[in-house]
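**Q** just the structure for this:
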Amino acid sequence: MVHAQFDPTARQALAVKAVESKVRKDLSWQQIADAAGLSVAFVTAAVLGQHPLPENSAKAVAELLGLDDDAAMQLQTIPTRGSIPGTVPTDPTIYRFYEMLQVYGTTLKALVHEQFGDGIISAINFKLDVKKVADPEGGERAVITLDGKYLPTKPF
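**A** Here you go, the predicted structure:
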């Protein structure tokens, strides 16, 4: 049976426990995703409390992290989503994404609407990828791909 949570507290506590285990076992997010059989972005978000995992994936992740059956069951529940409180984020990495949306959010909206019309880009039917690439000018660059299905607004 599918279950949904209305209070994020339990999933947040599980996320803390899971990350502590990840660190203690010196695992990467990719290793956890490989055990789950799903993408690294989706599994990371799920372990951090933003998605439910399918039963087999939840059991595999719980086993890898040394979590109990209750944790495996909880990893399958539909969470109350949202990982950033209502205030401006203070973590520098998260803040930079917030800053990017502050600077480019209206540009992205204008370009999406010009190319697709009135609608949204789904965060449910969605793929995320993060890659580290060499910068021709020296150093490294982060290439982040946000790939969401376009959902047009439908009059009713």
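**Q** over to Ile144: give its phi and psi.
**A** Phi and psi for Ile144, reported as degrees, to the nearest 10, are phi -120, psi 120.
**Q** can you give me the pLDDT of it?
**A** Confidence at Ile144, expressed as pLDDT, is 97.
**Q** cool, and Gln76?
**A** Predicted confidence (pLDDT) for Gln76: 97.
**Q** residue contacts, it?
**A** By CB atoms under 8 Å, 6 or more residues apart in numbering, the contact list for Gln76 reads 3, 52-55, 58. (Each C-beta comes from the backbone N, C-alpha and C, glycine too.)
**Q** any idea which helix or strand carries the nearest residue to it once chain neighbours are set aside?
**A** Spatial nearest neighbour of Gln76, excluding adjacent residues (CB to CB, 6 or more residues apart in numbering): Ala58 at 4.7 Å. If you go by DSSP states H and E, Ala58 is part of helix 55-65.
**Q** what does Asp129 give?
**A** strand 119-134.
**Q** can I get that strand as CSV, trimmed to CA atoms?
**A** Taking C-alpha atoms only, strand 119-134 is exported to CSV below (Å, rounded to 0.1, in the frame of the first residue of the first chain):
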residue,chain,number,x,y,z
GLY,A,119,2.8,26.3,-18.8
ILE,A,120,5.4,24.9,-16.4
ILE,A,121,8.4,22.6,-16.5
SER,A,122,7.6,19.6,-14.3
ALA,A,123,9.8,18.8,-11.3
ILE,A,124,8.0,15.4,-11.1
ASN,A,125,8.6,14.2,-14.6
PHE,A,126,12.2,15.4,-14.3
LYS,A,127,15.8,14.4,-14.7
LEU,A,128,18.8,16.0,-13.1
ASP,A,129,22.5,15.6,-13.9
VAL,A,130,25.6,17.1,-12.5
LYS,A,131,29.0,16.8,-14.3
LYS,A,132,32.4,18.2,-13.6
VAL,A,133,34.2,19.3,-16.7
ALA,A,134,37.6,21.0,-17.4
